[in-house]
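Visitor: Build me a structure from this.
(chains A, B, C and D)
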Number of protein chains: 2
Amino acid sequence: MAKTSAQKDEAGEAAGTGRRRESKEKRREQLINATIDSLARRGYASTTLANVSDGARLSRGIVNFHFDSKDNLLIETLQFMSDEYQANWKARYAASDDDTASRLAALVTADLDRAICTPRKVSAWFALMAEAKSRPAYQKLVWERDARYRACLTENCRMAKEEADYTFDPETVTAAIYAMQEGLWLRLALGGREYRRATALKTALEMLGTVFPCHFAPDGMPLLEAHRSKKGRRK
Amino acid sequence: MAKTSAQKDEAGEAAGTGRRRESKEKRREQLINATIDSLARRGYASTTLANVSDGARLSRGIVNFHFDSKDNLLIETLQFMSDEYQANWKARYAASDDDTASRLAALVTADLDRAICTPRKVSAWFALMAEAKSRPAYQKLVWERDARYRACLTENCRMAKEEADYTFDPETVTAAIYAMQEGLWLRLALGGREYRRATALKTALEMLGTVFPCHFAPDGMPLLEAHRSKKGRRK
DNA sequence: ACTTTTATTGAATGGCCATTCAATAAGTGA
DNA sequence: TCACTTATTGAATGGCCATTCAATAAAAGT
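Guide: Numbering: from 1, shown residues only, chains lettered A, B, ... in the order given. Alright, predicted model coming up:
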């Protein structure tokens, strides 16, 4: 992507080179942010390059200089949001207690985290996602993002099942939880004032408690392994 | 909308008039169907009036004659799908057994019914829904459709709670179930081959069984009132 | 200071698309 | 058959928008 000559790479980061490249990255991010703004405010169909460059307070030709085409700008915007999403849940997952209940809670709360679950970002995400069916490049990015998160979720559902002799099918439960998460996002994206992030989080945690009764207290707090009893299991 | 003179209305349905008006309605539905096709295949942004008229095998100017504007065509398409959706679940709800478990099952299965839950229709629905945030007319239709269904769902969650002394909050449970349904739709809309309607239905029913353990057998079949026991309740 | 590379601008271009409209066909009632 | 209404066509219009590009500014290297 960065086509600055190969010499620079082997010569390391000279001061000047470094400054130029940093500036270049800043511009790109600035433009991506303006794109997210426009997608969230105006929707996909009404987002124009003029909107984006105006939003970034730059001139008309700027996007084609940094991203070659509008199409490419949108793909890189999707990539940007996908990366940010993944970095967020992986960090929270890594930081969670060494315990299945905590890990499940971490995955679910990560999805509804302040950092990524803003009306602005969620709206922009769905604006692009809705076009994914007819755009292979989008579809691939959306699909891969989902697959990584879901794989981790399934893994922990399996683990929970072993720990507490639940009789559910881990794949089905994963599908249900993940569908709920996406549905909650969708509702936030639609943006009636009635639905807020905190409410969605409460809903999601309550559902976790219902599905994994041996792993969570009624209020949605994870139960540490020591305090669990297998009698609570259902089905 | 139909601006055919007022005389005809008071004169009743003369043979000729009737035939003309029926033809007019047929055209409109034909064009709406072509619109749904295009939305599902190409997405919102790439759906043009030329696509629609070609899809209906009619000429370029035809949409503006029957719908005045592209904007109006899309609104009426959304309305059409919204009406169809509502008619479907209301019919199934009315036909269900006089029993809370059956009613809940009817609501959930209606959403994933063959008749309305086709990849084509679900994709078109989300294509329009994604633009709803920036289009008040869309937002209103989507919101109203949701509100009617959810009100009915909440009503039955409350009823179930009373019948079996569940301790959950009916509003929260409604939000969770409904979010899951929308998430399952979204997944069908994205259209990877891996997700099918039947799988989604299984997921949804299994979740019903988990949330309302006194009302459903482990396999998702509704339990008749006579066979329920309150001991099964959780939390 | 001077050359070269890189970044930015904004006007010009060309294509696509919704909408209009004059012409025409088809159907209706006398 | 003849007026008259309604439906349909397809070419013409005008606007919007992505993309290009020549000119210019800024920065880096020498």
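Visitor: What score does the closest residue to DNA strand C within chain A have for pLDDT?
Guide: Closest contact between chain A and DNA strand C, by C-beta to the nearest atom of the strand, is at residue A:61 (2.2 Å). For the C-beta atoms, the positions are set from N, CA and C on the backbone; glycine is no exception. If you check residue A:61, the pLDDT there is 95.
Visitor: try residue A:165
Guide: Per-residue pLDDT puts residue A:165 at 89.
Visitor: where's the closest residue to residue A:96 other than its chain neighbours, which helix or strand?
Guide: Of all residues not flanking residue A:96 in the chain, residue A:106 sits nearest, at 3.7 Å (C-beta to C-beta, 6 or more residues apart in numbering or on different chains). Assessed by DSSP states H and E, residue A:106 sits inside helix A:100-111.
Visitor: Let's test this: mean pLDDT of the helix or strand just after that helix, rounded?
Guide: As assigned by DSSP H and E, the chain's next helix or strand after helix A:100-111 is helix A:119-129. Helix A:119-129 shows a mean pLDDT of 97.
Visitor: Who are the packing partners of helix A:119-129?
Guide: Applying 3 or more C-beta pairs under 8 Å, 6 or more residues apart in numbering or on different chains; DSSP states H and E, we find helix A:119-129 packed against helix A:15-42, helix A:70-95, helix A:136-164, helix A:170-190.
Visitor: Run through who's touching it.
Guide: With contact meaning C-beta atoms under 8 Å, 6 or more residues apart in numbering or on different chains, helix A:119-129 is reached by A:35-37, A:39-40, A:43-44, A:47, A:74, A:77-78, A:81, A:138, A:142, A:185-186, A:188-189, A:191, B:130-131, B:133, B:190.
Visitor: Likewise for stretch A:43-55?
Guide: Counting by C-beta under 8 Å, 6+ apart, A:31, A:34-35, A:37-39, A:42, A:59-60, A:62-64, A:70, A:73, A:127-128, A:130-131, B:44-45, B:130-131, B:133-135 sit against stretch A:43-55.
Visitor: What are the buried residues along it?
Guide: Under the neighbour-count criterion of 16 or more other C-beta atoms under 10 Å in any protein chain shown, stretch A:43-55 has A:43-45, A:47, A:49, A:51-53, A:55 buried.
Visitor: Go ahead and flag the most central residue of chain A.
Guide: Closest to where the C-alpha atoms of chain A average out (C-alpha atoms, centre = their mean) is residue A:85, at 3.0 Å.
Visitor: looking at it, that residue is touching residue A:145, isn't it?
Guide: Yes. The pair residue A:85 and residue A:145 qualifies as a contact (C-beta atoms under 8 Å) at a distance of 6.3 Å.
Visitor: Show me how chain A divides into domains.
Guide: Following automatic domain parsing, chain A resolves into domains at A:7-68, A:77-232.
Visitor: Report the distance from the first one to the chain centre.
Guide: Distance of domain A:7-68 from its chain centroid, counting by C-alpha atoms, centre = their mean, to the nearest Å, is 21 Å.
Visitor: for stretch A:56-76, same thing?
Guide: Relative to the chain's own centre, stretch A:56-76 is displaced by 23 Å; criterion: C-alpha atoms, centre = their mean.
Visitor: shaky segments in chain A?
Guide: Chain A contains residues with pLDDT under 70 at A:1-22, A:225-235.
Visitor: do you know how far residue A:138 is from residue A:44?
Guide: Residue A:138 sits 11 Å away from residue A:44 when distances are taken as C-beta to C-beta, to the nearest Å.
Visitor: shared neighbours, these two?
Guide: Contact criterion C-beta under 8 Å, 6+ apart; residues shared by residue A:138 and residue A:44: A:128, A:131.
Visitor: on that earlier part again, tabulate the buried residues of stretch A:43-55 in TSV, adding columns for distance to residue A:174 and secondary structure.
Guide: Shown next, in TSV, are the buried residues of stretch A:43-55 (distance: C-beta to C-beta, whole Å; DSSP: H, G, I helix; E, B strand; the rest coil):
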residue	distance to residue A:174	secondary structure
A:43	31	coil
A:44	29	coil
A:45	33	coil
A:47	34	coil
A:49	40	helix
A:51	38	helix
A:52	37	helix
A:53	42	helix
A:55	38	helix
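Visitor: filter these down to the ones near DNA strand D?
Guide: When contact is defined as C-beta under 7 Å from any atom of the strand, those meet DNA strand D at A:47, A:49.
Visitor: Could you verify my assumption that residue A:179 touches residue B:203?
Guide: Yes. Using C-beta under 8 Å, residue A:179 makes contact with residue B:203 at a distance of 7.0 Å.
Visitor: Of those two, give the one with the bigger neighbour count.
Guide: Set side by side, residue A:179 and residue B:203 show more neighbours around residue B:203, with 28 against 24, by other C-beta atoms under 10 Å in any protein chain shown.
Visitor: Find the helix or strand that that one is a member of.
Guide: If you go by DSSP H and E, residue B:203 is part of helix B:197-211.
Visitor: which strands and helices sit next to that helix?
Guide: On a contact count with 3+ C-beta pairs under 8 Å, 6+ apart, helix B:197-211 meets helix A:170-190, helix A:197-211, helix B:100-111, helix B:170-190.
Visitor: Can you check which residues contact both of residue A:179 and residue B:203?
Guide: Contacts common to residue A:179 and residue B:203, judged by C-beta under 8 Å, 6+ apart, are B:180, B:184.
Visitor: Output the helix or strand hosting residue A:50 as PDB, nothing but the C-alphas.
Guide: Assigned by DSSP H and E, residue A:50 belongs to helix A:49-55. In PDB, the C-alpha atoms belonging to helix A:49-55 read as follows (Å, rounded to 0.1, in the frame of the first residue of the first chain):
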ATOM      1  CA  LEU A  49     -16.600  12.000  -1.800                       C
ATOM      2  CA  ALA A  50     -17.500  15.700  -1.500                       C
ATOM      3  CA  ASN A  51     -19.000  15.000   1.900                       C
ATOM      4  CA  VAL A  52     -16.000  13.100   3.000                       C
ATOM      5  CA  SER A  53     -13.500  15.800   1.900                       C
ATOM      6  CA  ASP A  54     -15.700  18.500   3.300                       C
ATOM      7  CA  GLY A  55     -16.000  16.700   6.600                       C
END
